[in-house]
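>>> Below are the sequence and a predicted model for it; my questions follow.
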Amino acid sequence: MNSRESPGGSSAHASHVSGVVLCGGHSSRMGRDKGLIERNGIPWARIIYDSLSLILKNVLVSIREEQRATYEKVFSSEVLIGDSVDTVQGPMRGLISSFLKCDTDILLVGCDMPDLRQSLSHLLQLREENPDYDCLAYRTARVEPLCAIYGKNILKQLRDHHPETFSLERLLERSRTLFIQADENQTAELRNYNEPGPAL
């Protein structure tokens with residue numbers, strides 16, 4: 001493994017990054033589409049999209065094609081990316097489909113993380129300071145693959161090494177990844193909501 005545990009080095013060169021809100025999961029534990037669950041009348045996917053739009057020029061929403069009609073009630077069709085690969089499933093499918101649409105690095109965010117705010121801009125700042133890494137990801141009690149930056153060169157790695165054998169966590173571990181140990185505030189922001197409960 002050639003990953004590192006803490007930030008180091010700096011660079012004046014900023015990377016071009018697109019934001020992608022990942023909404024293509026089946027939400028089986030939640031029992032309904034997580035991206036469309038509302039907080040104060042606003043769907044989670046929209047909350048995350050708006051947070052990313054404050055810091056990035058290009059933000060897209062990754063969906064399964066059967067979700068398109070519903071998501072077009074929340075977003076313009078131009079920002080929706082339908083899954084376009086059949087060789088993989090799950091979050092990896094959304095990541096690869098997004099790479100095929102964007103010739104940039106991708107800040108991938110799960111639709112069930114509506115608390116994210118400062119952790120997003122911090123991740124982008126670290127990307128600017130550390131442009132030579134393939135990926136950047138937070139680490140809490142575990143690696144957080146759904147609030148992470150994936151460099152555009154990762155697509156070639158996936159093509160060369162059969163992406164169906166990878167999870168996002170394994171991809172991060174096998175890549176030159178800068179792991180950022182999350183502090184208390186970041187850990188709170190990185191909470192993902194997978195099941196119904198009063199915290200929603």
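Great, that's in hand. Numbering: from 1, shown residues only.

>>> going forward, measure contacts between C-alpha atoms and count neighbours the same way
OK.

>>> quick one: the strands in the chain?
17-22, 38-39, 42-43, 59-63, 80-82, 105-110, 135-139, 143-150, 177-181 (DSSP state E).

>>> In JSON lines: these, plus distance to residue 127 and mean neighbour count.
Putting the strands of the chain into JSON lines (distance: least, CA to CA, whole Å; neighbours: other CA atoms under 10 Å) gives the following:
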{"stretch": "strand 17-22", "distance to residue 127": "9", "mean neighbour count": "27"}
{"stretch": "strand 38-39", "distance to residue 127": "30", "mean neighbour count": "14"}
{"stretch": "strand 42-43", "distance to residue 127": "28", "mean neighbour count": "15"}
{"stretch": "strand 59-63", "distance to residue 127": "17", "mean neighbour count": "26"}
{"stretch": "strand 80-82", "distance to residue 127": "24", "mean neighbour count": "22"}
{"stretch": "strand 105-110", "distance to residue 127": "10", "mean neighbour count": "26"}
{"stretch": "strand 135-139", "distance to residue 127": "7", "mean neighbour count": "26"}
{"stretch": "strand 143-150", "distance to residue 127": "8", "mean neighbour count": "24"}
{"stretch": "strand 177-181", "distance to residue 127": "9", "mean neighbour count": "22"}
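
>>> And these: which comes nearest residue 167?
In terms of CA to CA, the element of the strands of the chain nearest to residue 167 is strand 143-150, at 9.3 Å.

>>> Each with direction, which strands does that closest one pair with?
When pairs are called by DSSP bridges, strand 143-150 turns out to pair with strand 105-110 (antiparallel), strand 135-139 (antiparallel).

>>> tilt between it and strand 17-22?
140 degrees (axes from the mean of the first three to the mean of the last three CA atoms, to 10 degrees).

>>> can you list the strands paired with strand 143-150 in CSV and add mean pLDDT?
As requested, these are arranged in CSV below (pLDDT from 0 to 100):
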stretch, mean pLDDT
strand 105-110, 96
strand 135-139, 97
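
>>> can I get these in a markdown table with distance to residue 76?
Formatted as a markdown table, the strands paired with strand 143-150 follow (distance: least, CA to CA, whole Å):
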| stretch | distance to residue 76 |
| --- | --- |
| strand 105-110 | 19 |
| strand 135-139 | 29 |
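
>>> and for the helix or strand of the chain with the lowest mean pLDDT, what are the contacting residues?
Between all helices and strands in the chain, the lowest mean by mean pLDDT, DSSP states H and E belongs to helix 154-160, at a mean of 81. Applying CA atoms under 8 Å, 6 or more residues apart in numbering, the contact partners of helix 154-160 are 96, 99, 134.

>>> Would you indicate which residues of it are buried?
Using 16 or more other CA atoms under 10 Å as the test for burial, helix 154-160 gives 154, 155, 158.

>>> Which of the strands paired with strand 143-150 sits closest to residue 188?
strand 135-139 (12.2 Å).

>>> where along this structure do the helices fall?
Assigned by DSSP state H, the helices in the chain fall at 44-53, 68-71, 91-101, 118-129, 154-160, 168-174, 184-189.

>>> doesn't residue 50 make contact with residue 116?
No: the criterion here is CA atoms under 8 Å, and residue 116 misses it with residue 50 at 10.8 Å.
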